[in-house]
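**Q** Kindly generate the corresponding structure for this input.
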Amino acid sequence: MGRSRWLPFATTPFSFLLGTFLPIIVKSQDAVYSGCNTDAYYSTLSSSPSRAEIGLLLKSTHRNVLPYTSSSEDTWDALTDLDAGSEAGMVQLIYSDAEAIAYVPGESRSWNREHLWPKSHGVGYSGADFTDIHHLRPADVNVNSSRGNKYFAACGVAAGMDECRSPANPEAGATTATDSEVWLPPENVRGDIARALFYMELRYYGDGSDPNLVLTDCPTVQSDDLLAYRSQLLQWHEDDPVDDAERERNDRACERWQGNRNIFIDFPELVSSIFGAPAQLTGSGGYECSNTGTLVPSPSPPPSSSPIGGNPCSSMQAGDVQIIGVHTDAPDEVALVALTDIPGGLELFLTDDAWTGNSFQESEGTVKLSVPSNGISQGEVFGFGPESSLQYGSSWTSLSGSLSLSTQGDPVFVYCKPTDSSFNFLAAVSTSGPWVTDEFSSHNSALPSSLAGTNTVLSHLDNYQYIGPVEGTKDELVAAIGDESNWEGFDQAKSFSFDSPFTVQSNAVVLCDDLKPGDVQIIGANSDNPDEIALVALENLPEYLELFLTDDAWTGSGFRGSEGTVKLSVPPGGISKGTVFGFGSESDLAYANSWTDVSRNVALSAQGDNVLCYCKPTDSTFNFLAAVSNSGPWVNDDFDSSNSALPPGLKGTNTVLSHRDNYHYAGTTKGTKTEIVGSIGDSVNWVGADTPQPLAFDTFTVQGNTNFQSDDSAATPTFSYHGWCSLFLLAFSSAL
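**A** Take a look at the predicted model:
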């Protein structure tokens, strides 16, 4: 990348004086993830890997899903490290051939986090795809706003050349260009961007909650997951080959931040075998697309479960099965419990072989259980042992060696196999003390990296049985099983005795019935991009409560179903009374990036909209807590994207505002709940504007009117805003 100039962080005298103090806020510089050298990382791939095989590798090794914004390490820290400038304290800006000051404590950044694959073209507002650092880059705020969600291509591909301007923005690189449809990045990063997007298509193929991202030359097809133009990207890949800086970033992304690699940086020759050759432009520009919107048959993404027909292994996660008993005194026996429903047809593997970090030592035995067609129910205890009374004890078949547990101590692993050459580890127990990193033997093994926090280490005795809690959430039970104090050990053979089944509780809807209208209030909404909604808790919100936010219209009996809805699972410890929090992909509000999409995308209309907050006592009922309309009064008919009925129970607990794009509450923040709700409901206490506004709130002080008791000192720390916070610059955010 060229580094021809740098952009100051801000223009205030204060920031100028701070220019010589440029701390990089990266908590640790040490490598975190092992197995990132290319020989080890790709050791399980075939010599000519398919896109399915590659996709599963990229997903299974994605060992750290970074938080977008957090008081701990987050994507700001990762980008400050990965895209460091030529001088200390600077970051390289993707579209500007320029550098910016990374961070000055107490001030806003002049750059934001660009999603190369825009959120409006398939990437969600939460999850691994939202924070995947292989496609995030630092970008100048104004330049990023100019890119918006435009497709990548040269001028003339999608619009007439008379619309083209170069550079694309006064602060963009000299070789950039743009028109109404496309964005041409600087010449020296075009290949980098292409390879990042090739990675994204293979990494996110519709498995589970992941999007099904597809590159295309025919974006007229109605799909939220398409990004164009594939042939332009293929040409950029050839014209701008991989360089040392790109390789170093890939190494660092794996070792320090995420645990997986971009295979197209390591093996650029794979691009043509996976994506083919660039198509030729037509004489009038663009590409020849069929009536169905396809250019040529595109490589199909892998099926949602796995590339092996009917194999559900890729949907299994660490901890879904747990080991709860080990007998090494003859006859050998291993007890297991299902902490989720195990689908029929899944093949489970059990071994006492040592894991070396990349593969098994292959000196011990392995057995396989083909789960019956009716599956194994959540909470059910089962296991292995030819002479065992455990369910399915004698149904395992031997694959290699002889599974013979050592009385000197042994590792035991449970896993399934997404492909013939890859492993999805579910559980691990060591009865010979801590896991090791070398000198592997029949007694000593490494711990697969995916099982960190989901394994049990026991000091040596011949036989062990778990005796801890058998009722709780999956996370609680995994933690209890991982605690040695919840195990009983003995050196004489003893029959297993378990209360079956375990009771695995959901972390879903709890205590919704205890909440009342006004317990949560909406105190800010920015509909100019990036969308942002500020909330305040006027009662203590219990942990695991599920809160919903929507801009969908209420019709009087149900939702119209044409807008977006997001959900927040209140974290452990709850949210304490008076805490300001909210929603927004580019927001620094507490929990702003912890919401998950329920349906569509929440995209507030600049023509006016309604915002509703609720919880759900049952799957089909609603407990409404708050409502704001910035498109005037609630209506009783003619519902649309800007007009809604007032939901039941919210008369006297809602706010009606005349139309402005952005609003924030500016009234009292201290009083009883009734007083504060009344103040929030009065439109004179709100400030509106047609440009994005910083949401500037101090912590609320709520006196009396409590619905339920909670120890405030143990609840989530409150989040306080100040007028000089970073939200103003962040309002001109990355692609929607």
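**Q** can we go C-alpha only for contacts and neighbour counts from here?
**A** OK.
**Q** How is Gly652 assigned, secondary-structure-wise?
**A** With DSSP: H, G, I helix; E, B strand; the rest coil as the basis, the three-state label of Gly652 is coil.
**Q** Can you give me the pLDDT of it?
**A** The score at Gly652 is 86. That number is its pLDDT.
**Q** From what I see, it and Gly681 are in contact.
**A** Yes - A contact is recorded between Gly652 and Gly681 when judged using C-alpha atoms under 8 Å, the distance being 7.5 Å.
**Q** So which of the two has more stuff around it?
**A** Gly681 (23 against 11; other C-alpha atoms under 10 Å).
**Q** Please enumerate the helices of the protein.
**A** Read by DSSP state H, the chain holds these helices, from start to end of the chain: 13-17, 38-41, 51-60, 75-82, 128-131, 141-147, 190-203, 230-239, 244-252, 263-266, 270-275, 474-481, 673-680, 727-730.
**Q** Can I get those in TSV including distance to Glu333, mean neighbour count and mean pLDDT?
**A** Rendered in TSV, the data for those read as follows (distance: least, C-alpha to C-alpha, whole Å; neighbours: other C-alpha atoms under 10 Å; pLDDT from 0 to 100):
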stretch	distance to Glu333	mean neighbour count	mean pLDDT
helix 13-17	67	12	31
helix 38-41	33	14	92
helix 51-60	30	21	93
helix 75-82	45	23	95
helix 128-131	38	24	94
helix 141-147	60	22	89
helix 190-203	39	24	98
helix 230-239	54	21	96
helix 244-252	42	17	96
helix 263-266	41	20	97
helix 270-275	46	16	93
helix 474-481	18	20	90
helix 673-680	59	20	95
helix 727-730	58	21	30
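**Q** Just tell me which of the ones you listed ends up closest to His115.
**A** helix 128-131 (8.0 Å; C-alpha to C-alpha).
**Q** Give me the contact list for the closest one.
**A** Residues outside helix 128-131 that contact it (C-alpha atoms under 8 Å, 6 or more residues apart in numbering): Val65, Leu66, Pro67, Tyr68, Thr75, His115, Lys119, Val123, Gly124, Tyr204, Asp210, Pro211.
**Q** give me that answer again for 6 Å
**A** Val65, Tyr68, Val123, Gly124 (C-alpha atoms under 6 Å, 6 or more residues apart in numbering).
**Q** what do you get for stretch 663-672?
**A** Contacts with stretch 663-672, where a contact means C-alpha under 6 Å, 6+ apart, come from Ile523, Gly524, Ala525, Asn685, Trp686, Val687, Gly688, Phe700, Thr701, Val702, Gln703, Gly704.
**Q** now, the most widely separated pair of those residues?
**A** Pairwise distances across the contacts of stretch 663-672 peak at 30.2 Å for Gly688 and Gly704 (criterion: C-alpha to C-alpha).
**Q** Show me which of those two is the more surrounded one.
**A** In this comparison of Gly688 against Gly704, neighbours counted by other C-alpha under 10 Å, the higher total goes to Gly688 at 21 against 11.
**Q** show me what contacts that one?
**A** Arg660, Asn662, Tyr663.
**Q** Can you name the residues bridging to it?
**A** In this structure, Gly688 has the following beta-bridge partners (DSSP bridges): Tyr663.
**Q** and the gap between it and Ala525?
**A** 10 Å (C-alpha to C-alpha, to the nearest Å).
**Q** same question, Glu586
**A** Relative to Ala525, and taking C-alpha to C-alpha, Glu586 is found at 13 Å.
**Q** same deal with Gly453?
**A** Distance from Gly453 to Ala525, by C-alpha to C-alpha: 39 Å.
**Q** where are the low-confidence patches of this protein?
**A** Within the chain, the stretches falling below the threshold (pLDDT under 70) are 1-30, 106, 108, 220-224, 284, 290-311, 499-500, 506-511, 696, 704-736.
**Q** Where do the strands of the stretch 51-200 of the chain begin and end?
**A** Counting by DSSP state E, counting those that start in this stretch, the stretch 51-200 of the chain has these strands, from start to end: 90-93, 98-101, 111-115, 136-140, 151-152, 177-178, 182-184.
**Q** quick one: which of these is nearest Ser394?
**A** Comparison of those against Ser394 by C-alpha to C-alpha identifies strand 136-140 as nearest, at 50.2 Å.
**Q** and that closest one with helix 75-82, angle?
**A** Inter-element angle recorded for strand 136-140 and helix 75-82: 90 degrees (by axes from the mean of the first three to the mean of the last three C-alpha atoms, to 10 degrees).
**Q** For strand 136-140, which helices and strands make contact with it?
**A** Judged by 3 or more C-alpha pairs under 6 Å, 6 or more residues apart in numbering; DSSP states H and E, strand 136-140 is in contact with strand 111-115.
**Q** give me that answer again for 10 Å
**A** Under the contact criterion of 3 or more C-alpha pairs under 10 Å, 6 or more residues apart in numbering; DSSP states H and E, the helices and strands touching strand 136-140 comprise helix 75-82, strand 90-93, strand 98-101, strand 111-115, helix 141-147, helix 190-203.
**Q** Mind putting these into a markdown table with distance to Gly573?
**A** Converted to a markdown table, the helices and strands packed on strand 136-140 look like this (distance: least, C-alpha to C-alpha, whole Å):
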| stretch | distance to Gly573 |
| --- | --- |
| helix 75-82 | 24 |
| strand 90-93 | 36 |
| strand 98-101 | 36 |
| strand 111-115 | 30 |
| helix 141-147 | 36 |
| helix 190-203 | 34 |
